[in-house]
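Asker: Give me a 3D structure for the following:
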Amino acid sequence: MCLLLTALVISPRIILFILWLVDYTEKSFNGHLLPFLGFLLMPWTTFWCAIVWHNGQFGLISYIILFFCILADFGGHTAMAKKTSTKK
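Answerer: Purely as a prediction, here's the structure:
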């Protein structure tokens, strides 16, 4: 469990790749396009949606966590954009 949490903190893409290997995302998303795009663009959100959709339906707590996942993904994109714009 601690190893899983450590890997999750380090990179959600590693966990998404492992979930893809065991067909967890296939059962959650009914295809490979959305998990692939999520892997590239919004890994935290894709990871959370795969977990929730595979285990059941969204509830209030799930939506709150989804909101923070979206913030984490967009935060990463804006931080990267700021980093690249300062190099000019």
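Asker: C-alpha only now, for contacts and for neighbours.
Answerer: Noted.
Asker: ok, which stretches of the protein are helices?
Answerer: For the chain, the helices defined by DSSP state H occupy 2-10, 12-21, 24-29, 33-41, 43-55, 60-85.
Asker: pLDDT weak spots in this structure?
Answerer: 1-2, 4-10, 76-88 (pLDDT under 70).
Asker: Among the helices of the chain, show me which one is buried the most.
Answerer: helix 43-55 (a mean of 20; mean count of other CA atoms under 10 Å).
Asker: Give the other helices and strands that it contacts.
Answerer: Under the contact criterion of 3 or more CA pairs under 8 Å, 6 or more residues apart in numbering; DSSP states H and E, helix 43-55 touches helix 12-21, helix 24-29, helix 33-41, helix 60-85.
Asker: could the ones you listed go into TSV alongside distance to Cys49?
Answerer: Shown next, in TSV, are these (distance: least, CA to CA, whole Å):
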stretch	distance to Cys49
helix 12-21	11
helix 24-29	8
helix 33-41	10
helix 60-85	8
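Asker: nearest to Trp48, of these?
Answerer: helix 60-85 (6.7 Å; CA to CA).
Asker: wait, which of the helices and strands packed on helix 43-55 is closest to Ile51?
Answerer: Short answer: helix 24-29, nearest of the helices and strands packed on helix 43-55 by CA to CA, at 7.7 Å.
Asker: quick one: contacts of stretch 43-58?
Answerer: 12-13, 15-16, 24-25, 27-29, 35, 38-39, 62, 66, 69-70, 72-73 (CA atoms under 8 Å, 6 or more residues apart in numbering).
Asker: For that stretch, C-alpha coordinates in PDB please.
Answerer: The C-alpha coordinates for stretch 43-58 follow below in PDB (Å, rounded to 0.1, in the frame of the first residue of the first chain):
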ATOM      1  CA  PRO A  43      -3.300  11.900 -15.700                       C
ATOM      2  CA  TRP A  44      -4.700  12.600 -12.200                       C
ATOM      3  CA  THR A  45      -8.200  13.100 -13.500                       C
ATOM      4  CA  THR A  46      -8.000  10.000 -15.700                       C
ATOM      5  CA  PHE A  47      -6.700   7.900 -12.800                       C
ATOM      6  CA  TRP A  48      -9.500   9.100 -10.500                       C
ATOM      7  CA  CYS A  49     -12.200   8.500 -13.100                       C
ATOM      8  CA  ALA A  50     -10.900   5.000 -13.800                       C
ATOM      9  CA  ILE A  51     -11.000   4.100 -10.100                       C
ATOM     10  CA  VAL A  52     -14.500   5.600  -9.500                       C
ATOM     11  CA  TRP A  53     -16.100   4.300 -12.800                       C
ATOM     12  CA  HIS A  54     -14.700   0.800 -12.300                       C
ATOM     13  CA  ASN A  55     -16.000   0.600  -8.700                       C
ATOM     14  CA  GLY A  56     -19.300   2.300  -9.000                       C
ATOM     15  CA  GLN A  57     -20.900   5.700  -9.400                       C
ATOM     16  CA  PHE A  58     -19.800   9.200  -8.600                       C
END
